[in-house]
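Student: Return a 3D structure for these sequence lines:
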Amino acid sequence: MFKEFFIKKMLQSKGVPKEQLGPLMDMINKNPALFQQIAGEVDDKMKNKKMDQMAATMEVLTKHKAELEKIFRP
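Tutor: This next block holds a predicted model:
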């Protein structure tokens, strides 16, 4: 419960609209370990490879494309 609350607050602070929070939280809850891994890899690339956030995110999401497609499929 607390984890979900803090994730929602973090997403809101990043500018995610309230109407997108519910569907986004549903996706995260389907495979929280994957999203935690993605966040860690993005952070690592930003710190160690001095990549900007967008480039790091795109690289990591491309790497995990197949896993993400499984989550987005109904």
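Student: going forward, measure contacts between C-alpha atoms and count neighbours the same way
Tutor: Will do.
Student: separation between Q12 and F2?
Tutor: Separation of Q12 from F2 (C-alpha to C-alpha, to the nearest Å) stands at 15 Å.
Student: So if I had to pick from these two, which one is more boxed in?
Tutor: When Q12 and F2 are compared for neighbours, Q12 comes out ahead with 14 against 7, by other C-alpha atoms under 10 Å.
Student: Count the residues that sit near the nearest residue in space to the more buried one that is not next to it in sequence.
Tutor: The shortest distance from Q12 to any non-neighbouring residue, by C-alpha to C-alpha, 6 or more residues apart in numbering, is to K18 (7.2 Å). Residue crowding around K18 was assessed by other C-alpha under 10 Å; the count is 10.
Student: Per-residue pLDDT of K18, please?
Tutor: The score at K18 is 89. That number is its pLDDT.
Student: residue contacts, the spatially most central residue of the chain?
Tutor: With distances taken as C-alpha atoms, centre = their mean, F35 lies nearest the centre of the chain, 5.0 Å away. For F35, the contact set (C-alpha atoms under 8 Å, 6 or more residues apart in numbering) comprises I28.
Student: For Q12, see how far away it is.
Tutor: Applying C-alpha to C-alpha to F35 and Q12 gives a distance of 17 Å.
Student: Just the buried positions in the longest helix along the chain, please.
Tutor: Ranked by number of residues, the top helix in the chain under DSSP state H is helix 32-48. Neighbour counts over helix 32-48 (16 or more other C-alpha atoms under 10 Å) mark F35, I38, E41, V42, D43, K45, M46 as buried.
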